[in-house]
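Engineer: my questions are about this predicted structure, shown below with the sequence.
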Amino acid sequence: MYELKVRAVGSSSGVLLPKEMLAELGLKQGDSVFATKAPDGSFRITPFDERFERQMRIAEEIMHEDREVFRALAKR
């Protein structure tokens with residue numbers, strides 16, 4: 001568990017992530033993280049967008065199911 005402190009950043013507030021946490025998440029400065037709210041009111045911070053991940057999974061399923069159609073389109 002990491003304790004994170006809310007700090008002033010200009011006229012806003014921010015949370016600094018320790019380098020160990022950045023390494024575990026595979027993040028570097030400038031990367032984006034996504035916070036999603038859980039049903040219990042807590043938040044989860046992840047280095048990927050869960051909605052985008054779901055959309056890509058659906059797209060991959062469609063491409064797999066209709067691969068012959070996509071092959072024919074690629075030949076054009």
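Structural biologist: Happy to help now that I have it. Numbering: from 1, shown residues only.
Engineer: how far off centre is stretch 62-75?
Structural biologist: With Cα atoms, centre = their mean, to the nearest Å as the basis, stretch 62-75 stands 28 Å off its chain's centre.
Engineer: who's in contact with it?
Structural biologist: Stretch 62-75 has contacts (Cβ atoms under 8 Å, 6 or more residues apart in numbering) with no other residue. (Glycine included, C-beta is placed from N, CA and C.)
Engineer: can you give me the mean pLDDT across it?
Structural biologist: Stretch 62-75 shows a mean pLDDT of 85.
Engineer: only alpha carbons, please: show it as CSV.
Structural biologist: Extracted in CSV, the C-alpha atoms of stretch 62-75 (Å, rounded to 0.1, in the frame of the first residue of the first chain):
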residue,chain,number,x,y,z
ILE,A,62,-15.6,-9.1,-34.8
MET,A,63,-12.4,-9.2,-36.8
HIS,A,64,-11.9,-12.9,-35.9
GLU,A,65,-15.4,-13.8,-36.7
ASP,A,66,-15.4,-12.0,-40.1
ARG,A,67,-11.8,-12.5,-41.0
GLU,A,68,-12.6,-13.7,-44.5
VAL,A,69,-14.5,-10.5,-45.2
PHE,A,70,-11.6,-8.4,-43.8
ARG,A,71,-9.1,-10.4,-46.0
ALA,A,72,-11.2,-9.7,-49.1
LEU,A,73,-11.4,-6.0,-48.2
ALA,A,74,-7.6,-5.8,-47.7
LYS,A,75,-7.0,-7.1,-51.2
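Engineer: I'm done for today, thanks for sticking with me.
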